[in-house]
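1. coords please:
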Amino acid sequence: MVIIKSSKAIRNGYKDISALCKATHEPVHLTVNGEGDLVVMDIGAFYRRERMLDVRAQLLEVEADRLRGAPDYPAREVIAEGRAMLRSLTGGTSGE
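-> Next comes the predicted model:
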């Protein structure tokens, strides 16, 4: 879902934009004269996104290593490591 608001919304209703970001955990796109200008989001959602991007980068690096001939690891070890990563991303509630 893309939430779009004019720049006036942040100037005149910061608390409303803040509440919207916190309630939806989605970024809010701000426009000036109908053109995209900024994106604002809840800080918790921002840090979760950053952690997810870090994990994705690590996974891509592992895959690149594998393609270059790095040794494989037993599935059990990989699954355990993946679950540990999920717990770190979700604050310990990975749905297991």
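2. can you check which helix is longest in this protein?
-> Identified as the longest helix of the chain according to DSSP state H is helix 43-67.
3. same for whatever helix or strand comes next after that helix, what does it pack against?
-> Next along the chain after helix 43-67, taking DSSP states H and E as the criterion, comes helix 75-90. Helices and strands touching helix 75-90, by 3 or more Cβ pairs under 8 Å, 6 or more residues apart in numbering; DSSP states H and E, are helix 43-67. For every residue, glycine as well, the C-beta is placed using N, CA and C.
4. on that earlier part again, could you check the angle the longest helix of the chain makes with helix 75-90?
-> Comparing the axes of helix 43-67 and helix 75-90 via axes from the mean of the first three to the mean of the last three Cα atoms, to 10 degrees yields an angle of 160 degrees.
5. output the below-cut-off pLDDT ranges for this protein.
-> Applying pLDDT under 70 to the chain flags residues 92-96.
6. outline the domain layout of it.
-> The chain breaks down into these domains under automatic domain parsing: 3-41, 44-90.
7. residues of stretch 59-77 that come out buried?
-> Within stretch 59-77, no residue is scored as buried using 16 or more other Cβ atoms under 10 Å.
8. nearest residue to the residue positioned nearest the centre of the chain in space, please, no chain neighbours.
-> Closest residue to the average C-alpha location of the chain: residue 49 at 1.7 Å, with Cα atoms, centre = their mean. In space, and not counting its chain neighbours, residue 49 is closest to residue 41: 7.9 Å by Cβ to Cβ, 6 or more residues apart in numbering.
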